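A.B. asks: quick one, fold the following:
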Amino acid sequence: MNKCYIPTGYQNPLTVYETQRAIEFIKRNFQSNLCHALNLKRVSAPLFVEESSGLNDNLNGYERPVSFDVPAVGAESQVVHSLAKWKRYALKRYNFYTGKGLVTDMNAIRRDESLDNIHSVYVDQWDWEKIITREDRTEDYLKNTVQAIVNAIYVTNETLKIEFPVLSTQLPREVLFVTTQELEDRYPGLSSSEKETAFLQEHKHNAVFLMGIGGKLRSGKPHDGRAPDYDDWSLNGDILFWNEVLGRSFEVSSMGIRVDAAALDRQLHEAGCDDRRALPFHKALLADELPLTIGGGIGQSRLCMLMMGCAHIGEVQSSIWDDMTRETCQEAGVMLL
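C.D. replies: Numbering: from 1, shown residues only. Here you go, the predicted structure:
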(Lines give C-alpha, C1' and ligand atoms only; values in the text may rest on other atoms or scores of the structure.)
Protein backbone atom coordinates (compact mmCIF):
# COMPACT_ATOMS: atom_id res chain seq x y z
CA MET A 1 0.00 0.00 0.00
CA ASN A 2 1.30 3.43 -0.93
CA LYS A 3 1.93 5.78 1.98
CA CYS A 4 2.23 9.54 1.94
CA TYR A 5 2.54 11.75 4.98
CA ILE A 6 3.02 15.52 5.04
CA PRO A 7 3.98 16.85 8.50
CA THR A 8 1.60 19.38 10.02
CA GLY A 9 2.64 22.93 9.20
CA TYR A 10 5.17 21.86 6.55
CA GLN A 11 5.93 24.38 3.81
CA ASN A 12 8.64 24.21 1.17
CA PRO A 13 10.91 27.20 1.82
CA LEU A 14 11.61 27.65 -1.91
CA THR A 15 9.38 28.62 -4.81
CA VAL A 16 9.07 26.16 -7.70
CA TYR A 17 11.54 28.20 -9.76
CA GLU A 18 14.01 28.42 -6.87
CA THR A 19 13.60 24.69 -6.32
CA GLN A 20 14.78 24.03 -9.87
CA ARG A 21 17.76 26.33 -9.34
CA ALA A 22 18.65 24.59 -6.09
CA ILE A 23 18.40 21.12 -7.67
CA GLU A 24 20.80 22.18 -10.44
CA PHE A 25 23.15 23.77 -7.88
CA ILE A 26 23.27 20.63 -5.72
CA LYS A 27 23.80 18.25 -8.62
CA ARG A 28 26.56 20.33 -10.20
CA ASN A 29 28.44 21.05 -6.99
CA PHE A 30 28.13 17.64 -5.38
CA GLN A 31 29.34 15.81 -8.48
CA SER A 32 32.38 18.10 -8.59
CA ASN A 33 33.07 17.56 -4.89
CA LEU A 34 32.62 13.79 -5.20
CA CYS A 35 34.95 13.53 -8.20
CA HIS A 36 37.61 15.49 -6.33
CA ALA A 37 37.23 13.39 -3.17
CA LEU A 38 37.40 9.98 -4.86
CA ASN A 39 39.41 10.74 -8.02
CA LEU A 40 36.54 10.05 -10.42
CA LYS A 41 35.96 10.87 -14.09
CA ARG A 42 32.46 11.36 -15.47
CA VAL A 43 31.41 8.96 -18.27
CA SER A 44 28.24 8.18 -20.21
CA ALA A 45 26.25 5.09 -19.28
CA PRO A 46 23.48 2.94 -20.81
CA LEU A 47 19.79 3.28 -20.00
CA PHE A 48 19.23 -0.38 -20.92
CA VAL A 49 21.28 -3.57 -21.43
CA GLU A 50 20.72 -6.91 -23.15
CA GLU A 51 18.97 -9.36 -20.88
CA SER A 52 21.39 -12.17 -21.80
CA SER A 53 24.44 -10.18 -20.66
CA GLY A 54 23.74 -10.63 -16.94
CA LEU A 55 24.76 -6.99 -16.43
CA ASN A 56 21.49 -5.86 -14.88
CA ASP A 57 20.94 -6.07 -11.12
CA ASN A 58 17.99 -7.47 -9.26
CA LEU A 59 18.91 -5.39 -6.20
CA ASN A 60 17.04 -6.97 -3.28
CA GLY A 61 16.53 -10.14 -5.30
CA TYR A 62 12.90 -9.83 -6.40
CA GLU A 63 12.42 -6.61 -8.42
CA ARG A 64 11.19 -7.14 -11.98
CA PRO A 65 12.99 -5.11 -14.65
CA VAL A 66 11.17 -3.29 -17.44
CA SER A 67 11.83 -5.54 -20.45
CA PHE A 68 11.29 -4.98 -24.17
CA ASP A 69 12.37 -6.51 -27.45
CA VAL A 70 14.67 -4.78 -29.95
CA PRO A 71 13.89 -6.29 -33.36
CA ALA A 72 16.78 -4.50 -35.05
CA VAL A 73 19.33 -6.47 -33.01
CA GLY A 74 17.22 -9.55 -32.30
CA ALA A 75 17.56 -9.27 -28.54
CA GLU A 76 15.54 -8.78 -25.39
CA SER A 77 16.64 -5.73 -23.40
CA GLN A 78 16.03 -4.43 -19.88
CA VAL A 79 16.01 -0.94 -18.42
CA VAL A 80 18.84 -0.94 -15.88
CA HIS A 81 18.11 -1.25 -12.16
CA SER A 82 21.64 -0.13 -11.37
CA LEU A 83 25.00 -0.08 -13.12
CA ALA A 84 27.05 -1.99 -10.55
CA LYS A 85 28.17 -4.69 -12.98
CA TRP A 86 28.36 -2.49 -16.07
CA LYS A 87 30.76 -0.14 -14.29
CA ARG A 88 33.32 -2.89 -13.67
CA TYR A 89 33.27 -3.81 -17.33
CA ALA A 90 33.58 -0.14 -18.27
CA LEU A 91 36.61 0.41 -16.01
CA LYS A 92 38.39 -2.40 -17.83
CA ARG A 93 37.24 -1.44 -21.34
CA TYR A 94 38.07 2.24 -20.85
CA ASN A 95 41.56 1.44 -19.51
CA PHE A 96 41.14 3.05 -16.08
CA TYR A 97 44.01 2.41 -13.71
CA THR A 98 44.23 1.58 -10.00
CA GLY A 99 43.13 4.48 -7.80
CA LYS A 100 41.04 6.06 -10.57
CA GLY A 101 37.30 5.67 -11.00
CA LEU A 102 34.24 6.73 -12.94
CA VAL A 103 30.92 8.38 -12.09
CA THR A 104 27.80 8.58 -14.21
CA ASP A 105 24.15 9.57 -14.09
CA MET A 106 22.05 6.44 -13.60
CA ASN A 107 18.35 6.66 -14.41
CA ALA A 108 16.10 3.68 -13.76
CA ILE A 109 12.50 2.53 -13.58
CA ARG A 110 11.69 0.36 -10.56
CA ARG A 111 8.19 -0.85 -11.32
CA ASP A 112 7.74 -2.85 -8.11
CA GLU A 113 8.68 -0.01 -5.77
CA SER A 114 6.26 0.74 -2.91
CA LEU A 115 5.62 4.47 -3.16
CA ASP A 116 5.92 6.79 -0.17
CA ASN A 117 7.59 10.08 0.75
CA ILE A 118 11.08 8.85 -0.19
CA HIS A 119 10.42 6.11 -2.78
CA SER A 120 9.50 6.67 -6.41
CA VAL A 121 9.16 4.51 -9.52
CA TYR A 122 11.78 6.78 -11.08
CA VAL A 123 15.31 6.51 -9.71
CA ASP A 124 18.12 8.97 -10.39
CA GLN A 125 21.51 8.61 -8.80
CA TRP A 126 25.21 9.13 -9.20
CA ASP A 127 26.64 5.67 -9.86
CA TRP A 128 30.38 5.52 -9.19
CA GLU A 129 33.05 2.83 -9.27
CA LYS A 130 36.78 2.89 -8.58
CA ILE A 131 39.61 0.40 -9.12
CA ILE A 132 41.38 -0.75 -5.95
CA THR A 133 44.09 -3.23 -5.05
CA ARG A 134 43.56 -6.50 -3.20
CA GLU A 135 45.20 -4.90 -0.18
CA ASP A 136 42.49 -2.21 -0.25
CA ARG A 137 39.74 -4.77 0.33
CA THR A 138 39.56 -3.91 4.02
CA GLU A 139 37.14 -2.36 6.48
CA ASP A 140 39.49 0.59 7.01
CA TYR A 141 39.56 1.41 3.30
CA LEU A 142 35.77 1.20 3.17
CA LYS A 143 35.42 3.52 6.17
CA ASN A 144 37.84 6.07 4.72
CA THR A 145 35.85 6.14 1.48
CA VAL A 146 32.59 6.63 3.38
CA GLN A 147 34.11 9.56 5.28
CA ALA A 148 35.24 11.16 2.02
CA ILE A 149 31.70 10.93 0.60
CA VAL A 150 30.14 12.38 3.76
CA ASN A 151 32.67 15.23 3.62
CA ALA A 152 31.57 15.96 0.03
CA ILE A 153 27.93 15.99 1.14
CA TYR A 154 28.72 18.32 4.05
CA VAL A 155 30.65 20.80 1.90
CA THR A 156 27.92 20.84 -0.76
CA ASN A 157 25.25 21.54 1.85
CA GLU A 158 27.22 24.38 3.43
CA THR A 159 27.76 25.96 -0.01
CA LEU A 160 24.07 25.55 -0.83
CA LYS A 161 23.04 27.53 2.27
CA ILE A 162 25.26 30.42 1.20
CA GLU A 163 23.58 30.47 -2.23
CA PHE A 164 20.09 30.01 -0.75
CA PRO A 165 20.07 31.64 2.73
CA VAL A 166 16.46 30.58 3.35
CA LEU A 167 17.64 26.96 3.62
CA SER A 168 18.81 25.86 7.06
CA THR A 169 19.41 22.11 6.99
CA GLN A 170 22.27 21.13 9.29
CA LEU A 171 24.15 18.02 8.19
CA PRO A 172 26.94 16.37 10.21
CA ARG A 173 30.47 15.72 9.07
CA GLU A 174 31.25 13.00 11.61
CA VAL A 175 30.40 9.38 10.72
CA LEU A 176 29.37 6.73 13.22
CA PHE A 177 29.99 3.15 12.06
CA VAL A 178 27.68 0.37 13.25
CA THR A 179 26.97 -3.17 12.02
CA THR A 180 23.62 -4.72 11.20
CA GLN A 181 24.31 -7.36 13.85
CA GLU A 182 24.75 -4.64 16.47
CA LEU A 183 21.38 -3.18 15.49
CA GLU A 184 19.72 -6.61 15.66
CA ASP A 185 21.15 -7.18 19.15
CA ARG A 186 20.16 -3.68 20.30
CA TYR A 187 16.58 -3.62 18.94
CA PRO A 188 15.43 -7.27 18.71
CA GLY A 189 11.72 -6.50 18.45
CA LEU A 190 11.85 -3.90 15.68
CA SER A 191 11.77 -4.19 11.88
CA SER A 192 14.88 -3.27 9.90
CA SER A 193 13.67 0.23 9.06
CA GLU A 194 12.51 0.76 12.65
CA LYS A 195 15.95 -0.30 13.91
CA GLU A 196 17.60 2.28 11.66
CA THR A 197 15.26 5.07 12.75
CA ALA A 198 15.68 4.19 16.44
CA PHE A 199 19.48 4.29 16.13
CA LEU A 200 19.53 7.52 14.13
CA GLN A 201 17.16 9.13 16.59
CA GLU A 202 19.73 8.46 19.31
CA HIS A 203 22.56 9.79 17.12
CA LYS A 204 21.01 12.72 15.23
CA HIS A 205 24.27 14.66 15.14
CA ASN A 206 26.14 11.96 13.22
CA ALA A 207 25.96 10.48 9.80
CA VAL A 208 25.73 6.70 10.20
CA PHE A 209 27.24 3.99 8.03
CA LEU A 210 25.32 0.76 8.56
CA MET A 211 27.70 -2.10 7.69
CA GLY A 212 27.13 -5.68 6.58
CA ILE A 213 23.95 -5.85 4.46
CA GLY A 214 22.87 -8.98 2.59
CA GLY A 215 24.25 -11.86 4.65
CA LYS A 216 22.31 -13.72 7.34
CA LEU A 217 22.61 -12.45 10.91
CA ARG A 218 22.48 -14.58 14.06
CA SER A 219 18.69 -14.56 13.81
CA GLY A 220 19.02 -16.44 10.53
CA LYS A 221 17.69 -13.46 8.55
CA PRO A 222 19.54 -10.64 6.75
CA HIS A 223 18.98 -7.03 7.79
CA ASP A 224 17.90 -6.36 4.21
CA GLY A 225 18.19 -8.07 0.85
CA ARG A 226 21.16 -7.38 -1.39
CA ALA A 227 21.96 -9.09 -4.69
CA PRO A 228 24.81 -11.60 -4.29
CA ASP A 229 26.85 -10.53 -7.31
CA TYR A 230 27.99 -6.97 -6.73
CA ASP A 231 28.68 -6.04 -3.06
CA ASP A 232 30.78 -8.20 -0.77
CA TRP A 233 28.23 -8.57 2.06
CA SER A 234 30.98 -8.32 4.68
CA LEU A 235 32.35 -5.05 3.23
CA ASN A 236 29.31 -2.98 2.31
CA GLY A 237 26.69 -0.73 3.84
CA ASP A 238 24.34 2.25 3.64
CA ILE A 239 25.01 5.91 4.45
CA LEU A 240 22.19 7.24 6.64
CA PHE A 241 21.28 10.67 7.97
CA TRP A 242 18.59 11.79 10.39
CA ASN A 243 15.80 13.54 8.46
CA GLU A 244 14.41 16.23 10.75
CA VAL A 245 11.43 17.05 8.51
CA LEU A 246 10.17 13.45 8.38
CA GLY A 247 11.47 12.39 11.79
CA ARG A 248 13.13 9.24 10.50
CA SER A 249 16.31 7.62 9.24
CA PHE A 250 17.13 8.64 5.68
CA GLU A 251 19.34 6.61 3.33
CA VAL A 252 21.29 8.53 0.70
CA SER A 253 23.72 5.87 -0.50
CA SER A 254 24.20 2.14 -0.81
CA MET A 255 27.81 1.16 -1.47
CA GLY A 256 30.57 -1.30 -0.80
CA ILE A 257 33.70 -3.09 -1.83
CA ARG A 258 32.63 -5.33 -4.68
CA VAL A 259 32.83 -9.10 -4.75
CA ASP A 260 36.04 -10.77 -5.83
CA ALA A 261 35.98 -14.31 -7.22
CA ALA A 262 35.93 -15.92 -3.77
CA ALA A 263 33.14 -13.69 -2.42
CA LEU A 264 31.05 -14.15 -5.56
CA ASP A 265 31.43 -17.93 -5.37
CA ARG A 266 30.37 -17.92 -1.72
CA GLN A 267 27.43 -15.52 -2.09
CA LEU A 268 25.99 -17.15 -5.22
CA HIS A 269 25.84 -20.43 -3.33
CA GLU A 270 24.36 -18.84 -0.20
CA ALA A 271 21.69 -17.02 -2.22
CA GLY A 272 20.80 -20.07 -4.30
CA CYS A 273 21.82 -18.29 -7.50
CA ASP A 274 24.39 -20.75 -8.88
CA ASP A 275 22.71 -20.57 -12.30
CA ARG A 276 24.25 -17.10 -12.75
CA ARG A 277 27.73 -18.63 -13.00
CA ALA A 278 27.05 -19.24 -16.70
CA LEU A 279 26.47 -15.56 -17.48
CA PRO A 280 29.29 -13.61 -19.19
CA PHE A 281 29.85 -11.14 -16.34
CA HIS A 282 29.98 -13.84 -13.70
CA LYS A 283 32.29 -16.04 -15.79
CA ALA A 284 34.71 -13.15 -16.21
CA LEU A 285 34.66 -12.30 -12.51
CA LEU A 286 35.13 -15.90 -11.38
CA ALA A 287 38.10 -16.10 -13.74
CA ASP A 288 39.65 -12.92 -12.21
CA GLU A 289 39.36 -11.10 -15.53
CA LEU A 290 37.79 -7.92 -14.09
CA PRO A 291 39.40 -5.29 -11.83
CA LEU A 292 38.81 -5.25 -8.08
CA THR A 293 36.61 -2.30 -7.25
CA ILE A 294 34.67 -0.29 -4.71
CA GLY A 295 31.53 1.54 -5.73
CA GLY A 296 27.98 2.57 -5.02
CA GLY A 297 25.05 4.75 -5.82
CA ILE A 298 24.13 8.11 -4.29
CA GLY A 299 20.54 9.23 -4.72
CA GLN A 300 20.31 12.55 -6.55
CA SER A 301 16.70 13.31 -5.62
CA ARG A 302 17.29 11.92 -2.12
CA LEU A 303 20.23 14.28 -1.57
CA CYS A 304 18.30 17.26 -2.95
CA MET A 305 15.32 16.40 -0.76
CA LEU A 306 17.50 16.17 2.36
CA MET A 307 19.47 19.38 1.78
CA MET A 308 16.42 21.41 0.76
CA GLY A 309 14.30 20.15 3.64
CA CYS A 310 11.55 18.72 1.43
CA ALA A 311 8.84 16.42 2.79
CA HIS A 312 8.23 14.44 -0.42
CA ILE A 313 10.59 13.24 -3.12
CA GLY A 314 8.06 14.36 -5.75
CA GLU A 315 9.00 17.95 -4.88
CA VAL A 316 12.44 17.44 -6.45
CA GLN A 317 11.76 14.95 -9.28
CA SER A 318 9.14 14.31 -11.93
CA SER A 319 7.43 10.92 -11.62
CA ILE A 320 3.96 9.34 -11.52
CA TRP A 321 1.93 9.00 -8.34
CA ASP A 322 -1.24 7.33 -7.13
CA ASP A 323 -4.41 9.33 -6.46
CA MET A 324 -3.97 9.20 -2.68
CA THR A 325 -0.49 10.72 -2.87
CA ARG A 326 -1.59 13.51 -5.22
CA GLU A 327 -4.62 14.32 -3.06
CA THR A 328 -2.63 14.29 0.20
CA CYS A 329 0.01 16.61 -1.25
CA GLN A 330 -2.56 18.94 -2.81
CA GLU A 331 -4.46 19.27 0.47
CA ALA A 332 -1.18 20.12 2.26
CA GLY A 333 -0.17 22.67 -0.38
CA VAL A 334 2.75 20.54 -1.59
CA MET A 335 3.44 20.74 -5.32
CA LEU A 336 4.63 17.58 -7.05
CA LEU A 337 6.78 18.27 -10.11
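A.B. asks: can you give me the strands in the chain?
C.D. replies: 40-42, 48-50, 67-70, 75-79, 101-109, 122-131, 175-179, 207-211, 231-243, 248-258, 293-299 (DSSP state E).
A.B. asks: show me the shaky parts of the stretch 51-200 of the chain.
C.D. replies: Filtered on pLDDT under 70, the stretch 51-200 of the chain yields the residue ranges 54, 57-62.
A.B. asks: going along the chain, name the helices of it.
C.D. replies: For the stretch 51-200 of the chain, the helices defined by DSSP state H, counting those that start in this stretch cover 84-93, 139-163, 180-186, 192-202.
A.B. asks: give me the distance between residue 217 and residue 208.
C.D. replies: Distance of residue 217 to residue 208, given as Cβ to Cβ, to the nearest Å: 18 Å. In short, each C-beta sits where N, CA and C put it, glycine included.
A.B. asks: for residue 64, same thing?
C.D. replies: Between residue 64 and residue 208 the distance, using Cβ to Cβ, works out to 31 Å.
A.B. asks: looking at these two, which is more packed in?
C.D. replies: Neighbours per residue (other Cβ atoms under 10 Å) separate residue 64 from residue 208, with residue 208 holding more: 26 against 11.
A.B. asks: how close does the nearest residue to that one once chain neighbours are set aside sit to residue 47?
C.D. replies: Excluding its sequence neighbours, the residue lying closest to residue 208 (Cβ to Cβ, 6 or more residues apart in numbering) is residue 240, at 4.5 Å. Counting by Cβ to Cβ, the gap from residue 240 to residue 47 is 29 Å.
A.B. asks: likewise residue 79?
C.D. replies: Distance of residue 79 to residue 47, computed by Cβ to Cβ: 6 Å.
A.B. asks: of these two, which one has the most company?
C.D. replies: Between residue 79 and residue 47, counting by other Cβ under 10 Å, residue 79 is the more crowded of the two (18 against 12).
A.B. asks: is that one bridged to anything, and to what?
C.D. replies: With DSSP bridges as the criterion, residue 79 is bridged to residue 48.
A.B. asks: just residue 231 next, same as before
C.D. replies: With DSSP bridges as the criterion, residue 231 is bridged to residue 258.
A.B. asks: so who does residue 300 touch?
C.D. replies: Applying Cβ atoms under 8 Å, 6 or more residues apart in numbering, we find residue 300 in contact with 27, 105, 124, 125, 126.
A.B. asks: quick check, nearest of those residues to residue 301?
C.D. replies: Minimum distance to residue 301 across the contacts of residue 300 is 5.6 Å, recorded for residue 124 (Cβ to Cβ).
A.B. asks: right, and the closest one touches residue 104 too?
C.D. replies: No: with contact defined as Cβ atoms under 8 Å, residue 124 does not reach residue 104; the gap is 11.4 Å.
A.B. asks: can you list the buried residues in stretch 45-57?
C.D. replies: Using 16 or more other Cβ atoms under 10 Å as the test for burial, stretch 45-57 gives 45, 48, 49, 50, 51, 53, 54, 55, 56, 57.
A.B. asks: got these as CSV, with distance to residue 312 columns?
C.D. replies: Formatted as CSV, those follow (distance: Cβ to Cβ, whole Å):
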residue, distance to residue 312
45, 27
48, 28
49, 31
50, 35
51, 34
53, 36
54, 36
55, 32
56, 29
57, 26
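A.B. asks: quick check, nearest of those to residue 155?
C.D. replies: Taking the buried residues of stretch 45-57 together and measuring to residue 155 by Cβ to Cβ, the closest member is residue 45, at 25.2 Å.
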